[in-house]
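Asker: no sequence for this one, just the structure:
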Ligand code: 26W
């Protein structure tokens, strides 16, 4: 590992402060120290970075390129320090100077270039691929504005711009020399060449300059530094003349200005399609430019390049790769197609119909006419090649172009050699229901890769007290290989270890209680059960079901003032897509119920609701270590996997869950007695769909408590929610409760009372926490990416052969 002394570090810091701010360390602000420390650290990783890509080039190593329209790294300082093996040294050195590293860490802006699960998974994978020493690169967009900042005004969500680049990004390197031009719009026509070949000609095209900004993805103490390349748009020199006014310039610059804040509802907006083509074309051009440097024949492309399509947003990778192989490398269609499908692989992250991208032909034709031509030809040849084998109905249902619409998931599946889901149930549902037709046609392409998380960030960095207990109990090997967490199973009956785990949890609960008081003014009792639901606000995730139970519990206490429960703090973190009206109404109602209950002295502070604004990666790192209960209550079959469930399990929270997504695999890992399961199974949900016999009204009429709770939404018992209360009341009764909240209500309440009862026996509870921590190693992203590498990408670490 790179050895740096405290003296050298201070000297480097002083030098940077002098050079960048002409200031002494003693007079520097925390922000100035952050930027100076950051560039010192970047200086160290740059050497490893250079060595890494030079080795990849020299060894002509096969590399994977992970295309994602979202990346959600959060803050990078602490994980860069940990992965460089400098964390303790820097922490101590700063402490010697009476500087708190946490204070410096807070200066960094969260890199929030993603909405939720998909984007965060991409960043966990970047950390894991580098830490496994695998040659992998990220490819995405450098948005000038990340996911909006959320504030609550009178209980309503208000969105504010996230100007994260205002003070610069210390981790990135602008690579002008690697810029490429991306062409879109205009018309395409063919011209016969003297050799009879058809040459593609363009006219009136718009040109964008794609400028790459590279950020080092530092492996865990293995001297590997991979690249995450994010593209920014600029006006090409040659086009300067065309953009005279600021307005005209803004139109172009707006293309990568902002991240679309929708995480499950495709809008079909023109700029979104241009964004998708922009980072795809820039990425593919730079990859093939690199390949040409290897001086190998095109036929070897799939032995040197793997391209992964993270959901359908980068699916244009397929026609763009074909475009260059056909139009520029003049390969035959058959050659180009064979190579392309071997190079490409695709991951599906959702089964929600409204999230599956379908672009109107008119828009595709207008924005990327050559892409449309190639997609049309892929579709035509698909239909032709399948007509001899499959029924026309099956072919018409699976073809890419249907009517005036282009089905991007169909393109991704047909144009790649692998389609995977992100948890066992989800992958089974893709095969049995959502993509069953494709499973019939391409059975070998379908596989499962259950998600994983970066355990270095979500345990070693987010929860030092627990990490210390682990070090003291099972040694340090879990830090390198989290499957060693299993060693903790030997201490299930060791009351001193259980006590230490309880103490570590208490430390983080007190820390979070202080943070909550500082940010909301509300005092919460650290002895209470911290019950946490943190994820995007979406009807299928059923934050409303959580609220319905809280109201039941509240009314119980109101009706029986003598009754005592173990105090509960319900913690919510959730952003709603700005155009998702129903989700925003649920936010308003949660905030109104919170102020009703939090200020009701008659219940003696037994229930508190804390809705922390602006939930993001850094806030998650504060909440997760302090959680006792992990709410994973989506309607079975709707949550593809979930990843907060894995982070909360790893930090010793007990999961309260439906048998949905990866919750099932968490149950398999810990056993029924160490998780609390409730609700309909996926099969029961589909039975209701089959029989079309779900009636929320029927349930309402037979259940007085449900009546009591729902009526509170319209009878004024919950103040200030006239409009929202009615909207929600109607969604559950008039519109028949799309996500079966009323059907799961009783079993959810029973599960919650089981939590109440089990928490009383703290030793038993602690043992269950221990068993969850011990079995969380399987959900390490290191494991997951190794499976992708072995089964899909067929890549291996540098010099893998030597070690064999
Ligand atoms: C076009 C709008 C849009 C934007 C984002 C549609 C769909 C998405 C994402 C696919 C939504 C997403 O983040 N899905 C989540 O992906 C996680 C990582 O695999 C899973 O753990 C979550 O279950 C899934 O909801």
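Answerer: Structure received. From a predicted model like this one, the values you see are computed outputs, not experimental measurements.
Asker: for the chain, what helix or strand is lowest in average pLDDT?
Answerer: Lowest by mean pLDDT, DSSP states H and E among the helices and strands of the chain is helix 800-803, with a mean of 64.
Asker: Can you name the residues of the stretch 301-450 of the chain that neighbour the ligand?
Answerer: Selection of the stretch 301-450 of the chain residues close to the ligand by C-beta under 6 Å from any ligand atom yields 311, 349-350, 355, 357, 422. Bear in mind the C-beta positions are built from the backbone N, C-alpha and C, glycine included.
Asker: which of the residues you listed sit farthest apart?
Answerer: Distance extremes for these: the farthest pair is 357 and 422 at 17.2 Å, using C-beta to C-beta.
Asker: out of these two, which sits in the more crowded spot?
Answerer: For residue 357 versus residue 422, neighbours defined as other C-beta atoms under 10 Å are more numerous around residue 422 (28 against 20).
Asker: Now that one: closest residue in space that isn't a chain neighbour?
Answerer: residue 641 (4.1 Å; C-beta to C-beta, 6 or more residues apart in numbering).
Asker: Now do the same contact list for that neighbour.
Answerer: By C-beta atoms under 8 Å, 6 or more residues apart in numbering, residue 641 lies in contact with 117, 349, 422-423, 426, 450-451, 661-662.
Asker: from those, which is closest to residue 209?
Answerer: Nearest member of those to residue 209, counting by C-beta to C-beta, is residue 349, at 30.9 Å.
Asker: My guess is that closest one contacts residue 640. True?
Answerer: Yes - counting by C-beta atoms under 8 Å, residue 349 does reach residue 640; the two are 5.4 Å apart.
Asker: so what sits against both of the two?
Answerer: Common neighbours of residue 349 and residue 640 (C-beta under 8 Å, 6+ apart) are 117, 422.
Asker: separation between residue 645 and the ligand?
Answerer: According to C-beta to the nearest ligand atom, to the nearest Å, residue 645 and the ligand sit 9 Å apart.
Asker: can you list the residues of the stretch 1-150 of the chain near the ligand?
Answerer: Going by C-beta under 6 Å from any ligand atom, the residues of the stretch 1-150 of the chain near the ligand are 115-118, 121.
Asker: Kindly recompute the last result at 5 Å.
Answerer: Contacts of the stretch 1-150 of the chain with the ligand, taken as C-beta under 5 Å from any ligand atom, map to 116-118, 121.
Asker: Relative to residue 45, which of the contacts of residue 641 is nearest.
Answerer: Closest to residue 45, out of all of the contacts of residue 641 and judged by C-beta to C-beta, is residue 451, at 26.9 Å.
Asker: and the closest residue in space to that closest one that isn't next to it in sequence, helix, strand or coil?
Answerer: Excluding its sequence neighbours, the residue lying closest to residue 451 (C-beta to C-beta, 6+ apart) is residue 641, at 4.4 Å. Secondary structure for residue 641, judged by DSSP: H, G, I helix; E, B strand; the rest coil, is coil.
Asker: separation between residue 641 and residue 784?
Answerer: 10 Å (C-beta to C-beta, to the nearest Å).
Asker: same thing with residue 397?
Answerer: Taking C-beta to C-beta, one finds residue 397 at 31 Å from residue 784.
Asker: ok, these two, which is more surrounded?
Answerer: residue 784 (21 against 14).
Asker: need the contact list for that one.
Answerer: 125, 128, 449-452.
Asker: Among these, name the ones in helices.
Answerer: 125, 128 (DSSP state H).
Asker: Quick one: the contacts of residue 784 as TSV, columns for distance to residue 605 and pLDDT too.
Answerer: Below are the contacts of residue 784 laid out as TSV (distance: C-beta to C-beta, whole Å; pLDDT from 0 to 100):
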residue	distance to residue 605	pLDDT
125	42	98
128	42	98
449	45	98
450	40	98
451	37	98
452	39	98
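Asker: Would you mind checking which of the contacts of residue 784 is nearest to the ligand?
Answerer: Ranked by distance to the ligand (C-beta to the nearest ligand atom), the contacts of residue 784 are led by residue 451 at 5.2 Å.
Asker: Thought residue 422 was touching that closest one, still the case?
Answerer: Yes - Residue 451 is in contact with residue 422 according to C-beta under 8 Å; the separation is 4.8 Å.
Asker: any shared contact partners between the two?
Answerer: 121, 641, 662.
Asker: from memory the first one sits against residue 643, does it?
Answerer: Yes - judged on C-beta under 8 Å, residue 121 makes contact with residue 643 at a distance of 6.2 Å.
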